[in-house]
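Asker: Predicted model and sequence follow; I will ask about them next.
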Amino acid sequence: MAEKDIIIKVCDVKKEYQLGNIDYHSFWNGIRNKKKDTSKKLMALDGVSFEIERGEAVGIIGGNGAGKSTLLKILSRITTPSEGVVYMDGTLSSMLEVGTGFHPELTGRENIYVNGTILGMTKKEIDEKLEDIIEFSECRRFIDTPVKRYSSGMYVKLAFSVAAFLESEIMILDEVLSVGDVKFQNKCLGKIQELVSKEGRTVLCVSHNMNTISRFCERCLVLDHGRLIFDGDTREAVRNYFGDNKISETVLECENSRRFTWLTREDIRLKRAEYVGKEDSSFGDGEAVILKINFKNNEDIEKLCFRVEIQDDVENPVATAFIYDFYNGYKGEQGEFTAKLDISMLREGKYRTIYTFFERDQMNESIDLDCIIGLPFKKESGKNKEIEWHASAWGCVELPELILK
């Protein structure tokens with residue numbers, strides 16, 4: 001049997017954070033306070049171990065606070081583990097959030113050269129890649145503009161192009177492909193597949209979108225509260241992630257949850273979501289979902305809107321419900337509302353949700369103010385089935401019965 005070519009090896013890695021206020025004024029006070037209070041700690045990673053072979057594409061999934069981003073920051077050498085060891089045998093490029101690795105005062109072109117130099121490439125080698133990077137990024141018009149003036153979408157387009165075309169052996173992506181238009185996202189996914197299959201690049205990708213993970217990752221890691229609970233086939237990993245234990249959740253405390261990296265507004269923050277009058281998240285025929293939402297205003301709010309996006313168990317979009325212009329409030333206020341979500345047209349199955357506060361511009365486009373992965377739910381049917389439903393072929397919505405005319 002051929003010996004494995006291991007490019008990443010993570011051995012019993014732990015990462016502990018101290019919670020609460022940090023005293024920046026005195027090093028001695030910091031040590032003294034730490035000795036006084038040892039209870040307020042968070043174990044972001046708790047004994048994680050795995051190996052990745054050269055040329056593998058590996059997905060990393062898990063709920064909010066599972067430890068995904070912490071793991072990638074350790075692999076990217078942005079932070080160090082509290083315990084354990086990480087071995088890496090190759091050059092690395094990472095995209096952990098919008099704008100990572102770019103100097104805001106430098107132009108797009110200058111940042112390409114800086115990133116290439118960090119990877120150990122010569123100016124001649126970067127020159128040979130430059131035209132491909134600019135062409136793929138679709139940012140040619142702004143390539144000599146300081147990147148601090150770029151939109152989040154332009155940042156990601158250029159950052160992905162740099163990571164894809166410059167000669168790194170390991171590529172780390174953290175939810176960055178959720179920014180930008182669908183056409184560019186598909187182009188990025190196609191490029192990743194090419195990097196893995198033709199160039200033997202090693203790719204690690206964190207995403208809440210199971211379609212993205214399933215498209216180019218045959219292997220997937222599932223993290224839960226800092227522990228690695230599954231390492232194996234992607235389809236089985238997704239089923240593990242959407243297991244029955246997740247359907248028991250009826251309350252979501254989300255004030256301090258990590259937001260999507262593409263979100264740029266902080267006008268309002270969702271604090272808590274709850275299914276009213278439920279001990280679990282299973283709903284039968286004729287049973288409506290009663291959703292209670294608590295939020296706080298960081299700015300004055302006018303004509304606030306809210307939407308619930310429903311996705312199937314691999315995060316294909318299924319349906320969306322809206323409330324328009326239902327709230328006006330002032331900075332510092334807190335609000336609450338209860339809404340009824342009709343799921344009568346959904347077939348039986350497991351579903352995920354996304355909650356979004358937004359406002360509308362003059363063109364009736366949505367400007368998202370806060371967005372977070374919401375509570376899951378399970379739709380159960382007590383009716384006698386006319387026919388066995390094939391969700392993978394027919395979708396998750398059954399329209400009213402056809403009427404003969």
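Answerer: It's in.
Asker: C-alpha only now, for contacts and for neighbours.
Answerer: Noted.
Asker: Packing partners of whatever helix or strand Val58 lives in?
Answerer: Applying DSSP states H and E as the criterion places Val58 in strand 57-61. For strand 57-61, the packing partners by 3 or more C-alpha pairs under 8 Å, 6 or more residues apart in numbering; DSSP states H and E come out as strand 202-206, strand 219-224.
Asker: Helix or strand next in line after it, which one?
Answerer: helix 68-75.
Asker: For Glu359, grab phi and psi.
Answerer: Main-chain torsions, Glu359, degrees, to the nearest 10: phi -130, psi 170.
Asker: measure it to Ser76 for me?
Answerer: Using C-alpha to C-alpha, to the nearest Å, we find Glu359 at a distance of 36 Å from Ser76.
Asker: most packed of the helices and strands packed on strand 57-61?
Answerer: strand 202-206 (a mean of 25; mean count of other C-alpha atoms under 10 Å).
Asker: can you give me how far it is from the chain middle?
Answerer: The chain centre lies 13 Å from the centre of strand 202-206; the measure is C-alpha atoms, centre = their mean, to the nearest Å.
Asker: The helix or strand hosting Lys378 pairs with which strands, parallel or anti?
Answerer: Secondary structure assigned from DSSP H and E places Lys378 in strand 377-379. Take DSSP bridges as the rule and strand 377-379 pairs in its sheet with strand 282-283 (parallel), strand 349-360 (antiparallel).
Asker: Mind checking what helix or strand follows the last one in sequence?
Answerer: Meaning strand 349-360. strand 366-373.
Asker: try the shortest one
Answerer: Following the chain from strand 282-283 toward its C-terminal end, the next helix or strand by DSSP H and E is strand 289-297.
Asker: What ranges does the stretch 201-350 of the chain have for its strands?
Answerer: 202-206, 219-224, 227-233, 251-253, 268-275, 282-283, 289-297, 301-311, 317-329, 334-341, 349-360 (DSSP state E, counting those that start in this stretch).
Asker: now for the ones you listed, which one comes closest to Gly62?
Answerer: Closest to Gly62 of the strands of the stretch 201-350 of the chain is strand 219-224 (C-alpha to C-alpha; 5.0 Å).
Asker: Can you tell me what sits against the closest one?
Answerer: For strand 219-224, contacts defined as C-alpha atoms under 8 Å, 6 or more residues apart in numbering pick out 57-63, 65-68, 213, 228-234, 237, 240-241.
Asker: Repeat that for stretch 308-321.
Answerer: 209-211, 238-239, 242, 307, 322, 341, 349-356, 395-397.
Asker: What is the end-to-end distance of it?
Answerer: First-to-last distance for stretch 308-321 - C-alpha to C-alpha - comes to 5 Å.
Asker: where are the low-confidence patches of the chain?
Answerer: For the chain, the stretches with pLDDT under 70 are 1-2, 19-40, 97-100, 176-181, 242-248, 261-262, 382-386.
Asker: Buried only: go through the contacts of strand 219-224 for me.
Answerer: 57-63, 65-68, 213, 228, 230-231, 234, 237, 240-241 (16 or more other C-alpha atoms under 10 Å).
Asker: List the buried residues for stretch 390-405?
Answerer: Cys396.
Asker: how long is that stretch from one end to the other?
Answerer: Using C-alpha to C-alpha, the two ends of stretch 390-405 sit 27 Å apart.
Asker: Off-centre distance for it?
Answerer: Distance, stretch centre to chain centre, for stretch 390-405: 32 Å (C-alpha atoms, centre = their mean).
Asker: What are the contacting residues of the strand holding Val58?
Answerer: For strand 57-61, the external contacting residues (C-alpha under 8 Å, 6+ apart) are 52, 68, 196, 202-208, 213, 216-223, 234, 241.
Asker: Put the alpha carbons of that strand into PDB.
Answerer: Output of strand 57-61 as PDB, limited to C-alpha atoms (Å, rounded to 0.1, in the frame of the first residue of the first chain):
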ATOM      1  CA  ALA A  57     -11.000  19.000  -1.200                       C
ATOM      2  CA  VAL A  58     -12.500  18.900   2.300                       C
ATOM      3  CA  GLY A  59     -15.600  20.700   3.500                       C
ATOM      4  CA  ILE A  60     -16.100  21.900   7.100                       C
ATOM      5  CA  ILE A  61     -19.600  22.300   8.400                       C
END
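Asker: and it, which strands flank it?
Answerer: By DSSP bridges, strand 57-61 pairs with strand 202-206 (parallel), strand 219-224 (parallel).
Asker: Between strand 227-233 and the longest one, find me the angle.
Answerer: Orientation check (axes from the mean of the first three to the mean of the last three C-alpha atoms, to 10 degrees): strand 219-224 against strand 227-233 gives 160 degrees.
Asker: Roughly how far does the residue lying closest to Asp325 once chain neighbours are set aside sit from Glu380?
Answerer: In space, and not counting its chain neighbours, Asp325 is closest to Lys303: 4.0 Å by C-alpha to C-alpha, 6 or more residues apart in numbering. To Glu380, Lys303 is 36 Å away according to C-alpha to C-alpha.
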